[in-house]
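*Asks:* Okay, structure incoming, though there's no sequence with it:
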């Protein structure tokens, strides 16, 4: 769900059952796809797509359970998911306290902007084609 409040975009991400939600205002500061094996396992897909927002623009409603994962090369993250349906709605990135990550699929918005960054491409499934104008990292 998207709305415009005082010229600022407001987006609502939610779990499958609707118990847990995250409302963000403003545009994402980064939209990326990650092909690492951990994101593949976490999402059940061939990559994870996430948007990073300023934490000060986040409002969370509902209860979450947290799971912390140490990163392959990065500092790791704490994923917040619904204890009822299991869907991840947002996550905290270690060492980046001013930001929050939200899986793009949690917005259920086919008009969400395309990713501008693609990481861990050495683990990318051969048939995946990231946007050509995105930054590409092996």
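*Replies:* Great, that's in hand. Everything numeric here is computed off the predicted structure, so don't read it as measured data.
*Asks:* where do the strands sit along this protein?
*Replies:* With DSSP state E, the ranges of strands along the chain come out as 2-5, 8-14, 21-25, 30-34, 48-54, 58-61, 65-69, 77-81, 88-93, 99-103, 117-119, 135-136.
*Asks:* ok, residue 69 - how many residues close by?
*Replies:* By the criterion of other Cβ atoms under 10 Å, residue 69 has 15 neighbours. In short, each C-beta sits where N, CA and C put it, glycine included.
*Asks:* Can you list the low-confidence ranges for this structure?
*Replies:* Under the criterion of pLDDT under 70, the regions of the chain flagged as low confidence span 1-7, 71-74.
*Asks:* Apply 90 and report the result again.
*Replies:* By pLDDT under 90, the weakly predicted segments of the chain are 1-8, 38, 42, 69-76, 138.
*Asks:* any idea how far residue 125 is from residue 57?
*Replies:* 33 Å (Cβ to Cβ, to the nearest Å).
*Asks:* actually residue 83, not the one I typed
*Replies:* Taking Cβ to Cβ as the measure, residue 83 and residue 125 are separated by 31 Å.
*Asks:* try residue 11
*Replies:* Summarising the geometry, the distance separating residue 11 from residue 125, computed by Cβ to Cβ, is 28 Å.
*Asks:* who's more crowded, the two?
*Replies:* Legend: neighbour count by other Cβ under 10 Å for residue 11 and residue 125, higher for residue 11 (23 against 10).
*Asks:* right, and the more buried one touches residue 109 too?
*Replies:* Yes: between residue 11 and residue 109 a contact is recorded at 7.0 Å, counting by Cβ atoms under 8 Å.
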